[in-house]
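Undergrad: Let's see this in three dimensions:
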Amino acid sequence: MFQLKKKLLATAAALFTAGIALAQDSGALIDLLVRKGVLNDQEAEELRAELVKDFTANTSAGKLNLGGHLTEFKLGGDVRLRHQIETQGPQNSTLSNERTRERFRFRFNGDVLMQKGWGAGFALETASAADSGNQTIQDGNNDYSIYLARAYVSYRPNLNWNFIGGKQKNPFYTTDMVWDGDINPQGFTEIYTRFLAGKDILDVRASQIVMDDRSESTAGRNGRDAWLFAQQAVYTHWFGKDEIGNVVNSFVIAPGFMIYNDSTLDGLDNETPFNGSTDGLAVFTLPGEVNWMNVAGAGTSFKAYWDFGYNFEAERRVRKVYALANEPKDATSWLVGVGYASGSGKVQGDYSIRLDYRSLGTGSIDPNLSDSDFAFGRLNQEGWKLGLAYNLTDFANVNATYFYTTDKRTAQSGPVSNLDHSQILQLDLVVKF
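TA: Numbering: from 1, shown residues only. Got it, this is the predicted structure:
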């Protein structure tokens, strides 16, 4: 055992002297050894600390200075250039609003692991809206603001528990039907992980998300801070084997439930914000996927994925909050999709294609959370999303995404359901660093 640890230390230390990007890979190896029982938690912490000390001792003075309590420090980000063509037609109108935009997005992220299970992180990006980091190029070469997209602290006392506080990465398994991929929730999260037979895993996740801070001096709902309480169980089952016996296929199912307290939202500036009552949202969700590997040769994969949402209080949401007195509650939303990939999207020549169809009932989900690009974040819409991606290099890729939607029910004058149709085409160049 002593010799194994000695060899691991020597190998990981060599990685550190080669550079921080390579050294970060040792963290996953150490975690694997803990799971397999080769190392215990205390030995893993001591090994990580020793690796950091060895790295700092072999780094040129003035280039990098890490505290002795740090075990891993990751920095990265990306720059995205986007050409976007869009059209949307309001209900009860013969006009279509068309627009072409040149946009960009800058993101810079940092994630830190520390001794005794502590961690922290941050992210900066080029827009203040919760559901978009995009900045439209305009205003005669003016400079643009940078916003704090994440700032969190985490504590993981053992392999089973993880606690997170602050503005954080979305902790839920989801599709963009329910949660826009750009949203970083803010509040508190608890995650319990249970390792089952083989590679199977069961996660139980819960978040208490602060949606709006209110003045308590105001009576009634307007004086209550707005909270979203979300919980989810995520079960991942592995099956099937490749040619050398590795289990490679997976099935994921993740039932969840989200509910607000009785409060009010204002000041939201996402794509189609709903500023008003949080009443009438008690949503059951059921996303999932099945993945088959090596379907057309090594490194290829096929995925079938889905999502489902049902709001138990949809009737009150539609008729009381949205003031659509004569409209049906439309409590259900759903999504089905398929995808094919060659490679993992990290190596030159990798490519992927995804296609899904979704239907969003007016009373089904929260429009402040759902994808801001599909129908510009509105409900009472159904349609397609097609995505293509190709890696030009290991660090640069091009993407094309197309959305086409139409309304489910005509003549809805509600604040989030009054769109007749929409189309969006996005052409992206993304460079990662």
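Undergrad: how much space between the residue nearest in space to the middle of the chain and V290?
TA: Central residue of the chain (C-alpha atoms, centre = their mean): G181, 4.4 Å from the mean position. The spacing between G181 and V290, counted by C-beta to C-beta, to the nearest Å, is 21 Å. Backbone N, C-alpha and C define where each C-beta goes, glycine included.
Undergrad: okay, and the helix or strand of the protein with the least pLDDT?
TA: Lowest by mean pLDDT, DSSP states H and E among the helices and strands of the chain is helix 20-23, with a mean of 44.
Undergrad: wait, what's in contact with the residue nearest to the centre of the chain?
TA: By C-beta atoms under 8 Å, 6 or more residues apart in numbering, the contact list for G181 reads N170, D371.
Undergrad: The same query, at a cut-off of 10 Å, please.
TA: Contacts for G181 were tallied using C-beta atoms under 10 Å, 6 or more residues apart in numbering; they are D131, N170, T174, T175, D371, S372, D373.
Undergrad: Next, format these as TSV and append pLDDT and neighbour count.
TA: Below are the contacts of G181 laid out as TSV (pLDDT from 0 to 100; neighbours: other C-beta atoms under 10 Å):
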residue	pLDDT	neighbour count
D131	94	25
N170	98	17
T174	98	21
T175	98	22
D371	97	24
S372	96	25
D373	97	23
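Undergrad: for those, which one is nearest A400?
TA: Ranked by distance to A400 (C-beta to C-beta), the contacts of G181 are led by D373 at 13.0 Å.
Undergrad: The closest residue to T272 other than its chain neighbours: how many residues sit nearby?
TA: Counting by C-beta to C-beta, 6 or more residues apart in numbering, the nearest residue to T272 once its immediate chain neighbours are dropped is G377, at 3.8 Å. G377 has 23 neighbours, counted by other C-beta atoms under 10 Å.
Undergrad: For this structure, which segments are assigned as helices?
TA: Per DSSP state H, the chain carries helices over the ranges 2-18, 20-23, 25-35, 41-57, 314-316.
Undergrad: Comparing those helices by mean pLDDT, which bottoms out?
TA: Among these, helix 20-23 has the lowest mean pLDDT, at a mean of 44.
Undergrad: show me what contacts I365?
TA: By C-beta under 10 Å, 6+ apart, the contact set of I365 is 177-179, 258, 281, 283, 285, 307, 309-311, 314, 317, 331-333, 379.
Undergrad: Need the buried ones from these selected in ChimeraX.
TA: Here is the ChimeraX command that picks out the buried ones among the contacts of I365, judged by 16 or more other C-beta atoms under 10 Å:
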select :177,178,179,258,281,283,285,307,309,310,311,314,317,331,332,333,379
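Undergrad: Sitting in strands, which of the contacts of I365 do you find?
TA: With DSSP state E as the criterion, strands contain M258, V283, T285, D307, G309, Y310, N311, T332, S333 from among these.
Undergrad: Any chance of a markdown table for those residues, columns distance to V321 and pLDDT?
TA: Shown next, in a markdown table, are the ones in strands among the contacts of I365 (distance: C-beta to C-beta, whole Å; pLDDT from 0 to 100):
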| residue | distance to V321 | pLDDT |
| --- | --- | --- |
| M258 | 16 | 98 |
| V283 | 14 | 98 |
| T285 | 20 | 98 |
| D307 | 23 | 98 |
| G309 | 17 | 98 |
| Y310 | 17 | 98 |
| N311 | 11 | 98 |
| T332 | 18 | 98 |
| S333 | 17 | 98 |
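Undergrad: Show me the two of those that sit farthest apart.
TA: Spanning the widest gap among these are M258 and T332, at 15.1 Å by C-beta to C-beta.
Undergrad: Touching, G297 and S342? I think so.
TA: Yes: with contact defined as C-beta atoms under 10 Å, G297 reaches S342; the gap is 8.1 Å.
Undergrad: between these two, which one's more packed in?
TA: Ranked by neighbour count (other C-beta under 10 Å), G297 and S342 place S342 first, with 19 against 7.
Undergrad: dump the residue contacts of the more buried one.
TA: 296-301, 349-353, 390-391.
Undergrad: Now tabulate those in TSV and tack on pLDDT and distance to D78.
TA: TSV is the format used below for the contacts of S342 (pLDDT from 0 to 100; distance: C-beta to C-beta, whole Å):
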residue	pLDDT	distance to D78
A296	95	29
G297	93	29
A298	92	28
G299	93	23
T300	97	25
S301	97	23
G349	97	19
D350	98	16
Y351	98	18
S352	98	17
I353	98	21
Y390	98	16
N391	98	13
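Undergrad: which strand of this protein spans the most residues?
TA: Per DSSP E, the chain has its longest strand at strand 70-90.
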